[in-house]
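All I have is the shape, not the residue letters:
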């Protein structure tokens, strides 16, 4: 066999191997870790029920997301609250950034955390699997510890236990109905002994 044919086939093999590894890294989805929720600690706390609007909820959520994501991260995320929760941003793909919009239906868990079930996905003009996009987001080191991306289940778990609220305050989602602009939160505030 000619040495150029051998070199060609070796190069072809390496190219196919590299493309296969990239494809596997982008599209392979591993099982998500089980969710561990902690019950609301009501010991020496008073609970208030607070009703808010989509606009206020969006402003608060964006504030905590911007605080939690490092400034030097390659991902710029914006959250909008309409009839669904919409996470928009740009995801790095090789040497360019691709605009991504993920649409979620929010569902409160029994412990008052928030499960965002994906309903729709827009990735530029590409036809990409929702699992692949969620996997890329999950593998980004810049995600806050309270945001657990579960690509296989096509959802994001917002663990309110891990959000550092000021002065020991704990927040739980009691009810959420975005089309009717009804968001009800339980806010547990620590109380001290009077002096």
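Great, that's in hand. Since the model is a prediction, treat every value here as computed from it, not as a measurement. Numbers count the residues shown, from 1 in each chain.

max-length strand in the chain?
Secondary structure of the chain read by DSSP state E shows that its longest strand is strand 96-108.

what about that one, average pLDDT?
With pLDDT averaged residue by residue, strand 96-108 scores 88.

Identify the single longest helix in the chain, thanks.
Longest among the helix segments of the chain by residue count, using DSSP state H, is helix 3-27.

and that one, what does it pack onto?
Packing partners of helix 3-27 (3 or more CB pairs under 8 Å, 6 or more residues apart in numbering; DSSP states H and E): helix 130-138. C-beta coordinates here come from the backbone N, C-alpha and C atoms, glycine included.

What's the mean pLDDT across the next helix or strand after the helix it packs on?
Scanning forward in sequence from helix 130-138, with DSSP states H and E defining helices and strands, the next element found is strand 147-150. Per-residue pLDDT values across strand 147-150 average out to 88.

which other helices and strands contact the helix or strand following strand 147-150?
Past strand 147-150, heading to the C-terminal end, the next element that is a helix or strand (DSSP H and E) is strand 155-158. Contacts of strand 155-158 with other secondary structure elements, assessed using 3+ CB pairs under 8 Å, 6+ apart, are made with strand 114-123, strand 147-150.

Quick one, which of these gets closest to residue 170.
Using CB to CB as the criterion, the shortest distance between residue 170 and the helices and strands packed on strand 155-158 is 13.8 Å, found for strand 114-123.

Output the contacting helices and strands for that closest one.
With contacts defined as 3+ CB pairs under 8 Å, 6+ apart, strand 114-123 has these neighbours: strand 96-108, helix 130-138, strand 155-158.

residues making contact with the last one?
Translated: strand 155-158. Surrounding strand 155-158, the residues in contact under the criterion CB atoms under 8 Å, 6 or more residues apart in numbering are 35, 87, 104, 113-118, 134, 146-150.

Buried ones only from these, please, as a ChimeraX command.
Here is the ChimeraX command that selects the buried residues among those (16 or more other CB atoms under 10 Å):
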select :87,104,113,114,115,116,118,134,146,147,148,149,150
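
Between the contacts of strand 155-158, which sits nearest residue 162?
The shortest approach to residue 162 among those belongs to residue 146, at 3.7 Å (CB to CB).

For the closest one, which non-adjacent residue is spatially closest?
With CB to CB, 6 or more residues apart in numbering as the measure, residue 162 is the residue that lies nearest to residue 146, at 3.7 Å, once sequence neighbours are left out.

and the one you found, how many neighbours?
Under the neighbour criterion other CB atoms under 10 Å, residue 162 is assigned a count of 14.

Could you double-check that residue 150 sits in contact with residue 134?
Yes: in this structure residue 150 lies within contact range of residue 134 using CB atoms under 8 Å: 7.4 Å.

ok, now which ones touch residue 90?
Neighbouring residues of residue 90 by CB under 8 Å, 6+ apart: 75, 76, 97, 98, 99, 100.

residues contacting the last one?
Remark: with contacts taken as CB under 8 Å, 6+ apart, residue 100 is in contact with 88, 89, 90, 91, 121, 122, 123, 124, 133.

what about residue 87, is that helix, strand or coil?
In the three-state summary, residue 87 is assigned as strand, counting by DSSP: H, G, I helix; E, B strand; the rest coil.
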